[in-house]
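[1] sequence and predicted structure, then a few things I'm wondering about:
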Amino acid sequence: MTDGMHYAPTARTLKPVCARGDFVFAAMALDHGHIFGMVANLVQAGGVLKLIYDTNPKKVELLRRQYPQAQIASSADEILQDPDVMLVAAAAIPSQRCELGLQVLAHGKDYFTDKTPFTSLDQLHQARQAVLTTGRKYACCYSERLQNEAAEYALELVAGGVIGDVIQVLGLGPHRLNAPARPDWFFRKALYGGIICDIGSHQAEQYLAYSGATGATVTMAHAANYANPDYPELEDFGEFSVIGDNGSSGYFRMDWFTPNGLRTWGDGRTTILGSKGYIELRKYVDIGQQLDQPARENNVYIVTQEGEEQHQVTGKIGFPFFGALILDCLERTELAMSQKHCFTAAAICLQAQQMADLNR
């Protein structure tokens, strides 16, 4: 895997949560490769992909090859008007995600977008109003937790009190740039929103999930282009800090400096400090082990008063979010992720990006 744009892991232990045909969805706006993982996990959890649409027929055919039973829609409107479609999954250009989501909600369907869900606070405000007006769901695939078994296992550990009360969350989100393979919109800030808005959204969501905070104040934010003068609108480095409404803190760094010598697209890590111990996640590779082997994901280290533990949890945890999302859509519950949590994570990264822009 040369970059994270086409990283689409599928849970090995995911089982259907509903009977076939009970949950029908569509996929459209296939601008980011994350859509393949979003669709795959919805299907494994029991969803039926009925329709696919994009203005680029090559992208449509690539997805349809994996799901030959799906139909190719002639337009976005065909999907929006189809009474069978309950949810629309999409990975549009980031600046266009909100507009599409508003259309989906207005047509009485739930919306599931790739991260980042918004590129401006005004878009977030519009989405909040639309959710209140329509009663539909505006869900987001914050995949660095929702599609990583180590990250989901850490949530279980924290909830079980293994490390006591969470004091601080540290998150590192390095990615490989692989610029020649990136689309033009990736390098236009008005379209991708900035590095903190984009890949920083993963970190904001994880902070809320692990810390238990329901809101946070951004205390520091910085973004820059250090080494890519050929792409002047690209931010190749970003960082921000927060203080949560429960007194916990967080620091997060994201960048496009993964060296080509690494076996995978990014050495993503999370450290969760608690009052009784700490957890470290080496999510996509553990460079301290097996240097002659392919990258092994989902590495969890736990240190408590009782000692040290190391767990390799690939294939053991699954991606519970996707089945829970389907049930939420069918039963109108909030088991997968509350709407408040989804929007608060978006607000944090947008506020941090805004602060970084003002500081440049």
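    Great, that's in hand.
[2] wait, what's in contact with Arg332?
    Gly135 (Cβ atoms under 8 Å, 6 or more residues apart in numbering). For glycine as for every other residue, the C-beta is placed from the backbone atoms N, C-alpha and C.
[3] so what pLDDT did it get?
    You'll see Arg332 listed with a pLDDT of 98.
[4] and for Met5?
    52.
[5] same check on Gln290?
    66.
[6] quick check: phi and psi on the nearest residue to Phe321 once chain neighbours are set aside?
    Once flanking residues are discounted, Phe321 sits nearest to Leu146: 4.3 Å by Cβ to Cβ, 6 or more residues apart in numbering. Torsion angles at Leu146 (phi, psi; degrees, to the nearest 10) stand at phi -70, psi -20.
[7] same check, this time on Arg188
    Torsion angles, degrees, to the nearest 10, at Arg188: phi -110, psi 110.
[8] return the distance of the residue nearest to Phe321 relative to Gly307.
    Leu146 sits 30 Å away from Gly307, going by Cβ to Cβ, to the nearest Å.
[9] ok, these two, which is more surrounded?
    Leu146 (27 against 8; other Cβ atoms under 10 Å).
[10] quick check: the more buried one touching Ala324?
    No. Counting by Cβ atoms under 8 Å, Leu146 does not reach Ala324; the two are 10.0 Å apart.
[11] Lys276 and Thr304 touch, don't they?
    Yes. At 6.0 Å, Lys276 and Thr304 qualify as touching, with contact defined as Cβ under 8 Å.
[12] any residues in contact with both of those two?
    Common neighbours of Lys276 and Thr304 (criterion: Cβ under 8 Å, 6+ apart): Val162, Ile163.
[13] looking at the two, which is more packed in?
    Thr304 (16 against 13).
[14] now the phi/psi pair for that one, please.
    Per degrees, to the nearest 10, the backbone of Thr304 is at phi -130, psi -180.
[15] can you show me the CA trace of stretch 174-194 as PDB?
    Output of stretch 174-194 as PDB, limited to C-alpha atoms (Å, rounded to 0.1, in the frame of the first residue of the first chain):
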ATOM      1  CA  PRO A 174       1.800  10.500   9.500                       C
ATOM      2  CA  HIS A 175       0.900   9.700   5.900                       C
ATOM      3  CA  ARG A 176       2.800   9.000   2.700                       C
ATOM      4  CA  LEU A 177       2.300  11.800   0.200                       C
ATOM      5  CA  ASN A 178       2.900   9.900  -3.100                       C
ATOM      6  CA  ALA A 179       2.000  13.100  -4.900                       C
ATOM      7  CA  PRO A 180       2.000  11.800  -8.500                       C
ATOM      8  CA  ALA A 181      -0.900   9.500  -7.700                       C
ATOM      9  CA  ARG A 182      -3.000  12.200  -6.000                       C
ATOM     10  CA  PRO A 183      -5.900  14.000  -7.800                       C
ATOM     11  CA  ASP A 184      -5.700  17.800  -8.500                       C
ATOM     12  CA  TRP A 185      -8.200  18.600  -5.700                       C
ATOM     13  CA  PHE A 186      -5.900  17.100  -3.100                       C
ATOM     14  CA  PHE A 187      -3.500  20.100  -3.600                       C
ATOM     15  CA  ARG A 188      -6.100  22.900  -3.500                       C
ATOM     16  CA  LYS A 189      -6.800  24.100   0.000                       C
ATOM     17  CA  ALA A 190     -10.300  25.400  -0.800                       C
ATOM     18  CA  LEU A 191     -11.200  21.900  -1.800                       C
ATOM     19  CA  TYR A 192      -9.500  19.700   0.800                       C
ATOM     20  CA  GLY A 193      -9.800  22.200   3.700                       C
ATOM     21  CA  GLY A 194      -6.300  22.100   5.200                       C
END
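[16] from now on call the first residue 16
    New numbering, starting at 16: the last item is stretch 189-209.
[17] mean confidence score for that stretch?
    Regarding stretch 189-209, the rounded mean pLDDT is 97.
[18] hmm, who's touching it?
    17-20, 46, 108-110, 131, 133-135, 213-214, 238, 243, 245-246, 248-251, 253, 268-273, 275, 277, 280-283, 368, 371-372.
[19] now do the buried residues in it.
    Neighbour counts over stretch 189-209 (16 or more other Cβ atoms under 10 Å) mark 189-193, 197, 200-202, 204, 206-209 as buried.
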